[in-house]
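**Q** Okay, here's the prediction I keep looking at, along with the sequence it came from:
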Amino acid sequence: MPIAHSDHAHRVQSKQTLAEVTVRKAFKADPSFLRLVLAVLLGAAILTAPASARDPRWRAFGPGGGTVTGLTTDPQDPQVVYAATFRDLYGSRDGGQTWRGFSLPPPINAVAVAPGRPTTLYTGGAKILRSGDGGRSWRTVLDEPFLDVHALAVTTGHRPVVFALSQNAVRRSADDGQTWTTPLTSDGQIDSLAVDPITPAIAYVADRNGVFRSSDSGLSWTRILELDASAPVLVAVAPSSPRTLYVVAGLSIPGFTVFRSSNSGETWTRVRDREGSFDRALVVDPGSPTKLYLAGLDGVLGSFDGGRVWIPLDGGMPKGQLGESPSAFSLAFAPRQRRTLFAGLYELGVARSDNSGGTWAIPVQTGLGVATYSSLFFNPLRPGEELVALGSAGDRVLRSADDGSTWSFLPRRIARLGLHAMAFDVADPDLFYAATNEGVWRTRDDGATWSKLTAEAVYRLATAGPDELLASGYCGMNRSRDGGLTWETALPCAYDDFLSQGVGRLWVDPSAPDAIYVLVTLFSDTHPYGTLILASRDRGVTWRQLEVANPFLFEVAPGSSRVLYTADPGGPIKRSQDGGLTWQKMHDQLSSDEPFSSLAIDAQDPNTIYLATPRRILRSRDGGQTLEVLDPDFSASLTTDRARPGLLFAGTFQAGLFELQVE
């Protein structure tokens, strides 16, 4: 089958670090930018994050995960962990198994716990907030224009000092955040800070030009190491030997240089140069001054000899399609359980190691609601069984058999390939197929074991009767009549002498598989040329083009294969009630600055449709003629389940999954 590119378009947020990871991952998966553009045009759902997901009608649904930019632990309770996720602060009281959000205003980039008062928390982003009761209540302690806090630390002692890094400045408070000063500014970004765990008057900060030290609780600063780095510079203190410092200076290759000092920065030794992008977090083992850990875009490294030799610490970590480790943004030890190390990952949430990074585990993380939704599938023969793919590549796949109450992981052999589509057999609930970057796979035991049917990437997949499959890759579509063992062309890759046709939406009526609809994107080697809808009433043997011009969104009513809807970002909603022979304009677009991004049809009533814009969710109960606001402050990719009428499911970018019991 032709090779395809994933249709899960990477939507990057404003933070440079997250955008950097997304671009790197996208181009590692497929270096062709053209294919990324085509992926968006092939009917990919626009996955946007909600401005607010706190409407009580929406229930969090599905496993947790997402990108964690900051981590810290309770100095007295090793089971208490806090995760900064840009969208909110989350806390766990069972070592990262389950989480709850604190509903703080985003962005949240960093979090710190006061060592002597573990119920005192600080978060940093566009504001600095403080809680004195373990997160039950919060107050803003610093709110200034252009504030962008990316690191926080609190000293020990009876009068702790709070340090915050905001762009090129060090902010300081000695009165629990009531007042702030700026004792140090730099010509460039100040990347990291560290405080002495024994002597609270000593602190360190690092910028691209080196390291500063303060010996008077941050009132004054002195340069103690001169550098000329081209990437972030990280500084860390060894908790068991506070006069031992480490500095990791980023290079442009990418790579890094390690420096060590055994006398609080008076003199330095250049320890090692190494390749790789590891410039996000540096921590030293609480029990050993020669064991240190480094995190970055290329994963987690460990050194057990003071920074001379580094080894990847990726045991148990899920690997990408090319064998790469997941990117890591943050690291934190549990002080009273010194072999327990947490890592905040890109898209995967928080990984935990109980043997100092030797092996890792990533649990389901229920409640960590910042996962990127990729796709959601329902088993039509077994109501209550769902499969969800998370992450921009769809490579974290879980299954629930109880309406989402509990989740288990699908075998990593399938998940790491990126799950793009799932097709269920029309008679056997244990038999279904998965479309991945490495072809079509089949399971006959409800996902326990899998066999590979094809070798090339597939992104659209559907069953069209017992043992009959339709599958589409980069362009065209193939059909199998023997459960995926052999294939024939159902839709050619070439549209004409100049254009190819890619399948952006494939729909088959499970109760009447003769009816097939395909949303096709026409493209050349360099440009997309538009979309069209093809229909077949003989399982894909012959096709006819429907008379509707350049549809953007296209859906078929779950209970009636002859009721069709299309919606364009800047155009009208159209409906057909005769399988596309005739069309009626139901509603003009709201405005050019609020395009429709997702369309779903009610599971039972073909006259009820749901539409998402970048700002809100709308509903029509009369076939699209009139629209009402269902949620004024929420945007997501919408879907319904024919086996569970009355539920609307919403998948978001970096905000998890939700379900709503509609009227």
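**A** Looks like it arrived, so ask away. Numbers count the residues shown, from 1 in each chain.
**Q** hey, let's count contacts and neighbours off CA atoms from now on
**A** Fine.
**Q** Residue 546 and residue 309, how far apart?
**A** Per Cα to Cα, to the nearest Å, residue 546 is found 64 Å from residue 309.
**Q** ah, wrong one, I meant residue 515
**A** Relative to residue 309, and taking Cα to Cα, residue 515 is found at 62 Å.
**Q** Could you do residue 87 as well?
**A** Look at residue 87 and residue 309: by Cα to Cα, they are 36 Å apart.
**Q** Among these two, which residue is more densely surrounded?
**A** Legend: neighbour count by other Cα atoms under 10 Å for residue 87 and residue 309, higher for residue 87 (25 against 14).
**Q** okay, that one: pLDDT?
**A** Here the pLDDT value assigned to residue 87 is 91.
**Q** if I read this right, it contacts residue 107, doesn't it?
**A** Yes: Residue 87 is in contact with residue 107 according to Cα atoms under 8 Å; the separation is 5.3 Å.
**Q** What about residue 405, how many residues nearby?
**A** 12.
**Q** I'd like the next helix or strand past the helix-or-strand element of the chain with minimal mean pLDDT.
**A** The weakest-scoring helix or strand in the chain, judged by mean pLDDT, DSSP states H and E, is helix 33-41 (a mean of 33). Sequence-wise, the next helix or strand downstream of helix 33-41 (DSSP states H and E) is strand 58-61.
**Q** For stretch 320-339, buried residues please.
**A** For stretch 320-339, burial by neighbour count (16 or more other Cα atoms under 10 Å) applies to 320-321, 325-335, 338-339.
**Q** of all those residues, which two lie farthest apart?
**A** Farthest pair in the buried residues of stretch 320-339 (Cα to Cα) is 321 and 335. Separation: 35.0 Å.
**Q** Mind jotting down where the strands sit in the stretch 101-250 of the chain?
**A** Using DSSP state E, counting those that start in this stretch, the strands of the stretch 101-250 of the chain run over residues 108-114, 117-125, 128-131, 139-142, 149-154, 162-166, 169-173, 181-185, 190-195, 203-207, 210-214, 222-226, 231-237, 245-251.
**Q** so what does the fifth one touch, helix or strand wise?
**A** Put plainly, it is strand 149-154. Applying 3 or more Cα pairs under 8 Å, 6 or more residues apart in numbering; DSSP states H and E, one finds that strand 149-154 contacts strand 108-114, strand 117-125, strand 162-166, strand 190-195.
**Q** Mind listing the strands the shortest one pairs with, and their directions?
**A** Read that as strand 162-166. Here strand 162-166 has these sheet partners by DSSP bridges: strand 149-154 (antiparallel), strand 169-173 (antiparallel).
**Q** any idea how far it is from the chain center?
**A** Mean-position distance between strand 162-166 and its chain equals 27 Å (Cα atoms, centre = their mean, to the nearest Å).
**Q** Please work out the average pLDDT along that strand.
**A** Strand 162-166 comes out at a mean pLDDT of 97.
**Q** angle of that strand against strand 190-195?
**A** For strand 162-166 against strand 190-195, the angle by axes from the mean of the first three to the mean of the last three Cα atoms, to 10 degrees is 170 degrees.
**Q** Same check on the first one?
**A** Here strand 108-114 runs at 10 degrees with respect to strand 190-195, directions being taken by the same axes, to 10 degrees.
**Q** what packs against strand 108-114?
**A** Judged by 3+ Cα pairs under 8 Å, 6+ apart, strand 108-114 is in contact with strand 70-73, strand 81-84, strand 117-125, strand 149-154.
**Q** closest one to residue 647 among these?
**A** strand 81-84 (30.8 Å).
**Q** Which neighbours in the sheet does the closest one have, and how are they oriented?
**A** strand 70-73 (antiparallel), strand 89-92 (antiparallel).
**Q** out of these, deepest packed?
**A** strand 70-73 (a mean of 26; mean count of other Cα atoms under 10 Å).
**Q** hey, C-alpha coordinates of that strand in PDB?
**A** Extracted in PDB, the C-alpha atoms of strand 70-73 (Å, rounded to 0.1, in the frame of the first residue of the first chain):
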ATOM      1  CA  GLY A  70       8.200  21.600  36.200                       C
ATOM      2  CA  LEU A  71       8.300  19.000  39.000                       C
ATOM      3  CA  THR A  72       8.900  19.100  42.700                       C
ATOM      4  CA  THR A  73       8.200  16.800  45.700                       C
END
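**Q** Run through who's touching that strand.
**A** For strand 70-73, the external contacting residues (Cα atoms under 8 Å, 6 or more residues apart in numbering) are 79-85, 109-113, 329-335, 342-344.
**Q** Just the mean pLDDT for that strand, thanks.
**A** Averaged over strand 70-73, pLDDT sits at 97.
**Q** how distant is that strand from the center of its chain?
**A** Relative to its chain's centre, strand 70-73 lies at 19 Å (Cα atoms, centre = their mean).
**Q** Same check on stretch 217-228?
**A** Using Cα atoms, centre = their mean, the mean C-alpha position of stretch 217-228 is found 37 Å from that of the whole chain.
**Q** for stretch 327-347, same thing?
**A** Relative to its chain's centre, stretch 327-347 lies at 18 Å (Cα atoms, centre = their mean).
**Q** what do you get for stretch 123-140?
**A** Distance of stretch 123-140 from its chain centroid, counting by Cα atoms, centre = their mean, is 25 Å.
**Q** now do stretch 526-539
**A** The answer for stretch 526-539 is 30 Å, by Cα atoms, centre = their mean.
**Q** Show me what it is in contact with.
**A** 34, 38, 41, 464, 513-523, 542-546, 548-552.
**Q** Buried among those? Need that as a selection in PyMOL.
**A** Per 16+ other Cα under 10 Å, the buried members of those correspond to this PyMOL selection:
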select buried, resi 38+41+464+513+514+515+516+517+518+519+520+521+522+523+543+546+548+550+551+552
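**Q** So for stretch 158-172, what gets flagged as buried?
**A** Going by 16+ other Cα under 10 Å, stretch 158-172 has these buried residues: 160-172.
**Q** Give me the residues contacting it.
**A** 114, 116, 124, 147-155, 173-177, 180-193, 200, 217-218.
**Q** ok, residue 214 - contacts?
**A** For residue 214, the contact set (Cα under 8 Å, 6+ apart) comprises 201-204, 220-222.
**Q** Nearest spatial neighbour of it, chain-adjacent residues omitted?
**A** residue 221 (4.6 Å; Cα to Cα, 6 or more residues apart in numbering).
**Q** tell me the phi and psi of the one you found?
**A** The phi/psi pair for residue 221 (degrees, to the nearest 10) reads phi -140, psi 140.
**Q** so it sits right up against residue 184, yeah?
**A** Yes: between residue 221 and residue 184 there is a contact under Cα under 8 Å: 7.0 Å.
**Q** just the helices in this protein please.
**A** With helices called from DSSP state H, the chain shows them at 16-29, 33-41, 412-415.
**Q** chain center to the shortest one: distance?
**A** Taking the mean C-alpha point of helix 412-415 and that of its whole chain, the gap between them comes to 18 Å (Cα atoms, centre = their mean).
**Q** Contacts for that helix next, please.
**A** Residues outside helix 412-415 that contact it (Cα under 8 Å, 6+ apart) are 318, 394-397, 436, 450.
**Q** Tell me the pLDDT of residue 48.
**A** What the model reports as pLDDT for residue 48 is 44.
**Q** Kindly report the same for the one 3 residues further on.
**A** Here, the pLDDT recorded for residue 51 equals 42.
**Q** And the pLDDT at the closest residue to residue 352 other than its chain neighbours?
**A** Spatial nearest neighbour of residue 352, chain neighbours left out: residue 342 (4.7 Å); criterion: Cα to Cα, 6+ apart. Note for residue 342: predicted pLDDT of 98.
**Q** What is the burial count for residue 342?
**A** If you count neighbours by other Cα under 10 Å, residue 342 ends up with 26.
**Q** That one pairs with what?
**A** Assessed by DSSP bridges, residue 342 has beta-bridge partners residue 332, residue 352.
**Q** what's it in contact with, if anything?
**A** 71, 331-334, 350-353.
**Q** give the contact list for the closest residue to residue 170 other than its chain neighbours.
**A** The spatial neighbour of residue 170 that comes closest, neighbours along the chain excluded (Cα to Cα, 6+ apart), is residue 184 at 5.3 Å. Neighbour list for residue 184: 169-171, 220-221 [criterion: Cα under 8 Å, 6+ apart].
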